[in-house]
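> Pasting a predicted model and its sequence here:
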Amino acid sequence: MQVTPSQLTELLSLFVPRGLPVLITGRPGIGKSDIVEKVAQLTNHELLISHPVVEDPTESKGLPFPSPDGRTAKFLPFGHLEHALNARRPLIWFLDDLGQASQAVQAAKMQLLLARRVGEHALPPNVTFLAATNRRTDNAGVSGILDPVISRFATVVELAPSIDDWAAWAVEASFPPELIAFLRFRPDLLSVQKTSRDIENTPSPRSWGFVAKTMPFLPEPLKHISFAGSVGEGAATEFISFLQIFRELPSPAAVLLAPDTARIPESLAALYAISAALAAHATEANFDRVMIYVERLIAGGNSEFATLLVRDSVRRAPGIQNSYAFIRAQSGSLGEIIRGE
């Protein structure tokens, strides 16, 4: 069953406090680990991340240690197992890339996942398992997960990228507005299935994140080279072309200076660009001017972009909700449009 990032966050926030294990599948780089980290914060859990792909089966049951008389031996826990056994506060034990682990390591996890113990060692009730894996079709070295291991999880869900969820997160993370506008214009480039085994990147939320990090400091001649290495040449070329459209728009400062006469673009690409750019410059102090432009967008039949502009403005600067212009707009019929109702 496919879920969006927001649905997965809500699901895990309900399962984790009840100690129910969940297995998350999906393409590489779409944010599985980030969501688990966010849920740990939301549910006030410590996060312990293990990578079974580089583990030995002994790491799941401990090392044998002889008794003083030399006639018997016990398994002594170490590493992450010892950490979990001694957990005093709520803990998420996250098994990342579980599908890449050997069958021997997966089998060693089965007793921990279901019986919550290994040998004489029992996990405390405040430890909850979550796991993630790529799919066998993702060229990620996944040979599969043993059926008895899969059955240990309360539910198995497949995470699917969502442009709305990604854009909301990117706005809050202060990603460059031109990147957010581009992926809203071309949402099919947010995550692309890799079809070859060549040593190259394809678009994914993770790889676009690297584009966002490098944009501020790269000189123009190197941008296409770097972006192509992050998301592939085709996506990088389209993004570079979109940046040219972005640069040719009226500056946000010019729009805010004369919002009642500033030009409203006609092409979809430019509308995505101007709404993202203006939202990045909106504040509680100038939001009355932003709303003048919003009203003109709505009057011109571009209510979708008016909604995006207002939502992004509030995500970047929550104090806008206290402005007179925002309160006035919410109380009237305009409020339904900017809320997207």
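In hand now; what should we look at?

> what about the strands in the stretch 1-150 of the chain?
Here the stretch 1-150 of the chain has its strands, by DSSP state E, counting those that start in this stretch, at 2-3, 22-25, 46-50, 63-66, 73-76, 91-95, 117-118, 121-122, 127-133.

> how much does the third one deviate in direction from strand 127-133?
Pointing back at strand 46-50 there. Interaxial angle of strand 46-50 relative to strand 127-133 (axes from the mean of the first three to the mean of the last three CA atoms, to 10 degrees): 40 degrees.

> got the angle between strand 46-50 and strand 91-95?
Orientation check (the same axes, to 10 degrees): strand 46-50 against strand 91-95 gives 20 degrees.

> Which residues are in contact with A108?
Contacts here follow CB atoms under 8 Å, 6 or more residues apart in numbering; on that basis A108 touches P57, E59, S60, K61. Placement of C-beta: from N, CA and C, glycine included.

> go again using 6 Å as the cut-off
The contact partners of A108, by CB atoms under 6 Å, 6 or more residues apart in numbering, come to P57, S60.

> Can you tell me the centre-most residue of the chain?
With distances taken as CA atoms, centre = their mean, the residue of the chain nearest its centroid is G31 (3.7 Å).

> Surely it touches S207?
No - contact criterion CB atoms under 6 Å: G31 and S207 do not qualify, at 11.6 Å.

> so how many other residues sit close to S275?
Residues contacting S275 under the criterion other CB atoms under 10 Å number 29.

> quick one, phi psi at it?
Reported as degrees, to the nearest 10, the phi and psi values for S275 are phi -70, psi -40.

> So in the protein, which helix runs the longest?
Counting residues, the longest helix found in the chain (DSSP state H) is helix 233-248.

> List the buried residues in that one.
Residues of helix 233-248 classed as buried by neighbour count (16 or more other CB atoms under 10 Å): A235, A236, E238, F239, F242, L243, I245, F246.

> ditto for stretch 53-64
Residues of stretch 53-64 classed as buried: V53, E55, P57, E59, S60, K61, G62 (neighbour count, 16+ other CB under 10 Å).

> State the helix or strand in which I180 lies.
For I180, the host element (DSSP states H and E) is helix 177-185.

> what sits up against the following helix or strand past that helix?
Scanning forward in sequence from helix 177-185 by DSSP H and E, the next helix or strand is helix 205-214. Here helix 205-214 makes contact (CB under 6 Å, 6+ apart) with G29, I30, G31, W166, F175, P176, L179, N201, S226, F227, S230, V231.

> cutoff 8 Å now
Defining contact as CB under 8 Å, 6+ apart, one finds that helix 205-214 is touched by 28-31, 161, 166, 170, 175-176, 179, 183, 190-191, 201, 226-227, 230-231, 239.

> so where do the helices sit in the stretch 201-341 of the chain?
Counting by DSSP state H, counting those that start in this stretch, one finds helices in the stretch 201-341 of the chain at the ranges 205-214, 220-231, 233-248, 252-257, 268-281, 287-299, 303-316, 324-331, 334-338.

> hey, least reliable of the ones you listed by pLDDT?
Note on these: lowest mean pLDDT is at helix 334-338, with a mean of 65.

> Measure how buried the nearest residue to R197 once chain neighbours are set aside is and give me the count.
In this structure, R197 finds its nearest non-sequential neighbour in N139, 6.1 Å apart by CB to CB, 6 or more residues apart in numbering. Residues contacting N139 under the criterion other CB under 10 Å number 15.

> From E200, how far out is N139?
For N139, the distance to E200 equals 12 Å [CB to CB, to the nearest Å].

> Ok, Y272 next?
Remark: distance between Y272 and E200 (CB to CB) = 27 Å.

> Tell me which of the two has more neighbours.
A direct count of neighbours by other CB under 10 Å for Y272 and E200 places Y272 higher, at 26 against 12.

> thinking again about what came up before, can you redo the helices of the stretch 201-341 of the chain as CSV with distance to P21?
Below are the helices of the stretch 201-341 of the chain laid out as CSV (distance: least, CB to CB, whole Å):
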stretch, distance to P21
helix 205-214, 24
helix 220-231, 33
helix 233-248, 36
helix 252-257, 47
helix 268-281, 39
helix 287-299, 45
helix 303-316, 32
helix 324-331, 42
helix 334-338, 41
